[in-house]
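Undergrad: sharing a model that was predicted from the sequence below.
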Amino acid sequence: MVGLGEALLGVVFVLVMLWALHRLSVIVRATLALWGTPTDDTPKLTDGQQVAVEGQVTVEESAAVADRLFDAADGPVGAYIWHAWTPDTGRNTYDFDRGELRGGRNTFAAGIEAGKLGVSTHGKQLSIDFDWLRELYDTDTLSDLDIGDPVSNTSLPTFVTRHLWDSIYISLETAIGDCPATQLRDVVNLRTDDISADAYGIEARGISAGQQLFILGEVKEHNDEYTVTGTDQTPLLIADTGRSGLVSQLWWRALKYALALISAAGLFTLFVL
């Protein structure tokens, strides 16, 4: 007969397995889209077409408060993904992008801010629509973000969260921004006036003008203007690491989630069955 402790362990292991399976299914979807859509430098754009292109980013309108999150040397930032974090006391992680060891961070909210931007390739301009990602992850907005609320600012375990910040569909490493939440006092909702600048922060990864960007998605045409977005049939993939960098990230994550699945299944068998 299975005891209460074993039953609780079993629930945890099952949740981890379900989380790993879900993440692996997302990787499979993204990988199949990449395999089925070769990069086309001169695509013939038609409505509903699935395309994969790599080109230079153009920014008509910068994303909200990008100037406070990113270094001026990054240039105009047309869009960025962000997450709101609190310190994870007692845990340090190595930041490979910055080349430094820093304190661990727990994410409690995440979203995307965008102005007007697109990709220019061989004389063709493709705008980028992020609505599919917003709906898929039910993203937050900085203007609605509550800072200092002990309920909404609670970080849940990884396997029960679904933050855009951790999205498999996005790989951004070039423009990295960070600031204390108090620096955005006029944007976010601060619940108290004496919040420590070290207690809450906003980290972001951006898409800036002039950088090379790989995108895969479905073309939408309106009045001879073309936009790339995601749909139920075609995910939106975005990477400033190029197509090869995105593929490497997918394989690395697939290995990580496969190990998590195997480990959880093994522990379930050992301690529960």
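TA: Cool, the structure landed. All values derive from a computational prediction rather than experimental measurement.
Undergrad: name the element residue 42 belongs to?
TA: Element membership for residue 42 (DSSP states H and E) is empty, with no helix or strand holding it.
Undergrad: what's the closest non-adjacent residue to it?
TA: residue 122 (5.0 Å; C-beta to C-beta, 6 or more residues apart in numbering). Bear in mind the C-beta positions are built from the backbone N, C-alpha and C, glycine included.
Undergrad: what's the burial count for that neighbour?
TA: Neighbour count for residue 122, taken as other C-beta atoms under 10 Å: 10.
Undergrad: tell me the pLDDT of it.
TA: At residue 122, the model reports a pLDDT of 77.
Undergrad: next one: the one 3 residues further on
TA: Turning to residue 125, the model gives it a pLDDT of 89.
Undergrad: so it touches residue 117, yeah?
TA: No - taking contacts as C-beta atoms under 8 Å, residue 125 lies outside contact range of residue 117: 10.4 Å.
Undergrad: ok, the two, which is more surrounded?
TA: Comparing residue 125 with residue 117 by other C-beta under 10 Å, the one with more neighbours is residue 117, at 23 against 13.
Undergrad: which residues does that one contact?
TA: 57, 58, 59, 60, 61, 78, 79, 127, 128, 207, 209 (C-beta atoms under 8 Å, 6 or more residues apart in numbering).
Undergrad: shaky segments in the stretch 1-150 of the chain?
TA: 1-3, 89-103, 150 (pLDDT under 70).
Undergrad: give me the distance from the helix or strand containing residue 34 to the chain's centre.
TA: According to DSSP H and E, residue 34 maps onto helix 4-36. Put simply, helix 4-36 sits 18 Å off its chain's centre (C-alpha atoms, centre = their mean, to the nearest Å).
Undergrad: tell me what angle the helix or strand following it forms with helix 4-36.
TA: Using DSSP H and E, the helix or strand that follows helix 4-36 in sequence is strand 50-61. In terms of direction (axes from the mean of the first three to the mean of the last three C-alpha atoms, to 10 degrees), strand 50-61 departs from helix 4-36 by 90 degrees.
Undergrad: what are the C-alpha coordinates of strand 50-61, in CSV please?
TA: Provided in CSV are the C-alpha atoms of strand 50-61 (Å, rounded to 0.1, in the frame of the first residue of the first chain):
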residue,chain,number,x,y,z
GLN,A,50,5.3,30.1,-44.2
VAL,A,51,8.7,31.8,-44.5
ALA,A,52,12.1,31.7,-42.8
VAL,A,53,14.3,34.7,-43.5
GLU,A,54,17.3,36.4,-42.0
GLY,A,55,17.9,40.1,-42.4
GLN,A,56,18.8,43.4,-40.8
VAL,A,57,16.4,44.9,-38.2
THR,A,58,14.8,48.2,-38.9
VAL,A,59,13.1,50.2,-36.1
GLU,A,60,10.5,52.8,-36.9
GLU,A,61,9.4,53.2,-33.3
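Undergrad: which strands border it, and is each parallel or antiparallel?
TA: Sheet pairing of strand 50-61 (DSSP bridges) gives strand 116-121 (antiparallel), strand 212-222 (antiparallel).
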